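Engineer: Any chance you can model this:
(one chain, ligands or ions: 1)
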Amino acid sequence: MSAASELKPLVKSLNSASSEEETLKILNTLKDFAKITEAVLRESKAGLAVGKLRSNASKPVSELAKEIVRKWKHEVEREKAAGGGSKGAAKPPGASAPAKKAVSSSAAATPSTPVTPSGSGGTKFNDTRSAKSDGIKVEYTGDKTRDKCAELIYDALVFDSGAPSELILNRAKDVEKTVLNDHGGTTAAYKAKIRSLFVNLKDKNNPGLRESVISGDLPVSRFCKMSSQDMASEERKRADELIAQQNLFNTLGAGEQEAETDAFQCGRCKQRKCRYRQAQTRSADEPMTTFVTCTVCNNRWKFS
Ligand SMILES: [Zn+2]
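Structural biologist: Below is the predicted model of the structure:
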């Protein structure tokens, strides 16, 4: 019997528990459950069921639920740090991949992802996403060159992101359109610019650059005017900001419990079970930033 199928009946009774006493009893059983992995939590929906109870009106229930979620988070993180446990699918993001360290400009000519995403579809998290693995067909201009260029930008933005496909696709299209306008059509300069943006975005050392283009912190119009040097210095700036944002995320995540919504699709587990909240993180005349947390796999992203 798999760990997930052992958990499922518990989750079911937890969801239908009618008294505080009963809920606490089941939670305590769940707390002692040993074989917790990300996949088990997702498949059994235990993460979701217990996660919900963190905002339960009963204090003992909400406290215990919080404790369990914390414990599970640790276990999942440990699982990841250990190299994905038995599944071997999840590597910690940003882990070194010596085989494909440098992205050369020739990579732009052959946009196929160097690391094969797991073939079994939807159920595992790929740490390397692409238009292909996301099931995205970039066809919106009627022009093969332009579609291909937008797909390149999509691949560069998405590969280690947890943001939804929809959001990333919109950014990729915006980038392509902006470069097109800036260079008067699909000229040689257009292609060179797309290639340069691709190489810089996809650079493993530039996570802050990708993140800020996806979130909208760095407007596409400005990004498309940047030289490689600009992008490198932008990255240094963003790296510091990212740490501050991550702290903000953690603060927001802890106390605030928004109602679950299906308005957002998680880019990682593809489910539509997210909580979100909005905050003014920059100056008052700029748009609000929306922070989204997936209640299934705890993936987080933000956009404005
Ligand atoms: Zn998710």
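
Engineer: Ignoring the adjacent residues along the chain, who's closest to residue 216?
Structural biologist: Distance criterion Cβ to Cβ, 6 or more residues apart in numbering; nearest residue to residue 216, sequence neighbours excluded, is residue 304 at 4.6 Å. Where you see a C-beta, it was placed from the backbone N, CA and C, and this is true even at glycine.

Engineer: Just confirm that neighbour contacts residue 283, I think it does.
Structural biologist: No. Using Cβ atoms under 8 Å, residue 304 and residue 283 do not qualify as a contacting pair, with a distance of 11.9 Å.

Engineer: So which of the two has more stuff around it?
Structural biologist: Relative neighbour count places residue 304 above the other of residue 304 and residue 283, with 16 against 6, counting by other Cβ atoms under 10 Å.

Engineer: Show the subsequent helix or strand relative to the helix or strand where residue 157 lies.
Structural biologist: Residue 157 belongs to helix 144-158 when elements are defined using DSSP states H and E. Downstream of helix 144-158, the next assigned helix or strand under DSSP H and E is helix 165-182.

Engineer: contacting residues around that following helix?
Structural biologist: Taking Cβ atoms under 8 Å, 6 or more residues apart in numbering as the criterion, the residues outside helix 165-182 that touch it are 134-136, 138, 140-141, 146, 149-151, 153-154, 157-158, 161, 186, 190, 193-194, 197, 213-214, 216, 220-221, 223-225, 265, 267, 301, 303.

Engineer: Return the residues of the stretch 201-304 of the chain in contact with the ion.
Structural biologist: Taking Cβ under 5 Å from the ion, the part of the stretch 201-304 of the chain that reaches the ion is made up of 266, 268, 269, 294, 296, 297, 299.

Engineer: so of those, which ones are in strands?
Structural biologist: When strands are assigned by DSSP state E, the members of those inside them are residue 294.

Engineer: Of the residues of the stretch 201-304 of the chain next to the ion, which is the most crowded?
Structural biologist: Each of those was scored by neighbour count (other Cβ under 10 Å); the top score is that of residue 294, with 25 neighbours.

Engineer: quick revisit: if any of the contacts of helix 165-182 are buried, put those into a ChimeraX selection.
Structural biologist: For selection in ChimeraX, the members of these meeting the burial criterion (16 or more other Cβ atoms under 10 Å) are listed in this command:
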select :134,136,138,141,146,149,150,151,153,154,157,158,161,186,190,193,194,197,213,214,216,220,223,224,265,267,301,303
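
Engineer: what about the helices in the stretch 1-150 of the chain?
Structural biologist: Taking DSSP state H, counting those that start in this stretch as the criterion, the stretch 1-150 of the chain contains helices spanning 3-16, 20-31, 38-44, 46-53, 59-81, 144-158.

Engineer: closest to residue 276 out of the ones you listed?
Structural biologist: For the helices of the stretch 1-150 of the chain, distance to residue 276 was read as Cβ to Cβ. The smallest value, 14.4 Å, belongs to helix 46-53.

Engineer: just to revisit the earlier point, in JSON lines: the residues of the stretch 201-304 of the chain next to the ion, plus pLDDT and distance to residue 30.
Structural biologist: Converted to JSON lines, those look like this (pLDDT from 0 to 100; distance: Cβ to Cβ, whole Å):
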{"residue": "266", "pLDDT": "94", "distance to residue 30": "23"}
{"residue": "268", "pLDDT": "92", "distance to residue 30": "23"}
{"residue": "269", "pLDDT": "93", "distance to residue 30": "20"}
{"residue": "294", "pLDDT": "92", "distance to residue 30": "20"}
{"residue": "296", "pLDDT": "92", "distance to residue 30": "16"}
{"residue": "297", "pLDDT": "93", "distance to residue 30": "18"}
{"residue": "299", "pLDDT": "91", "distance to residue 30": "22"}
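
Engineer: Alright, I will stop here.
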